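Chemist: quick one: sequence plus predicted model below, questions after.
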Amino acid sequence: NILEFLDETFLRSSESVAQNNELEESSQLLLVKDEITNKLASTLRWGRGSKCAAAAGQAAPRPSKLLILYSYEGNQFCRLVREVLTELSISYELRSCGKGSPRREELASITGGSSQCPTLLDPNNADLEYLQDSADIITYLYKQYALWTPPNQALRSISS
């Protein structure tokens, strides 16, 4: 029987089936956990990153080349930077580099060994090699590409 052959060849045993089921259940739990934490973070941040800020008005300077952001899901500092990029209506290239990703090596080669996220590269600014601290990145984004500092008191302190 072809199905038996495939089971024996690829599944090898009922243990493999059980392991596959455990992995699938584990993956489902991680997806649920991610969904819950994302919704919680969005709720606690009162809709940050869901619309453009007034500071991103038509007179705001715009980058001619895409900014590059090394980031990964599940990191609150990366999320904050992505939200500010959205609020300022800045187009960017997202290079996802979660732990274990080959992009981590790419990032480390750019920074001289660090794979810290978030990391921002701005090819529009020859004087800027890269920025890695979320507060520094937000300060830079508002100074370079916004009309004024953010209206949120918590962000104002790190972006002025």
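Modeler: Nice, I can see it.
Chemist: in terms of contact, does S114 touch Y130 like I think?
Modeler: No - when contacts are counted by Cβ atoms under 8 Å, S114 is not listed as touching Y130 (9.2 Å). To be clear about C-beta, it is placed using only N, CA and C from the backbone, and glycine gets the same treatment.
Chemist: settle it for me: which of the two has more neighbours?
Modeler: Using other Cβ atoms under 10 Å as the criterion, S114 and Y130 rank with Y130 on top: 16 against 13.
Chemist: quick check: that one touching L121?
Modeler: Yes - contact status for Y130 versus L121: in contact at 5.2 Å, counting by Cβ under 8 Å.
Chemist: common neighbours of the two, please.
Modeler: Applying Cβ atoms under 8 Å, 6 or more residues apart in numbering, one finds that Y130 and L121 are jointly contacted by I110.
Chemist: how about the strands in the chain?
Modeler: Listed in chain order, the strands of the chain (DSSP state E) span 67-71, 92-96, 119-121.
Chemist: wait, which of those strands is closest to L147?
Modeler: Comparing the strands of the chain against L147 with Cβ to Cβ, the closest turns out to be strand 67-71 (17.9 Å).
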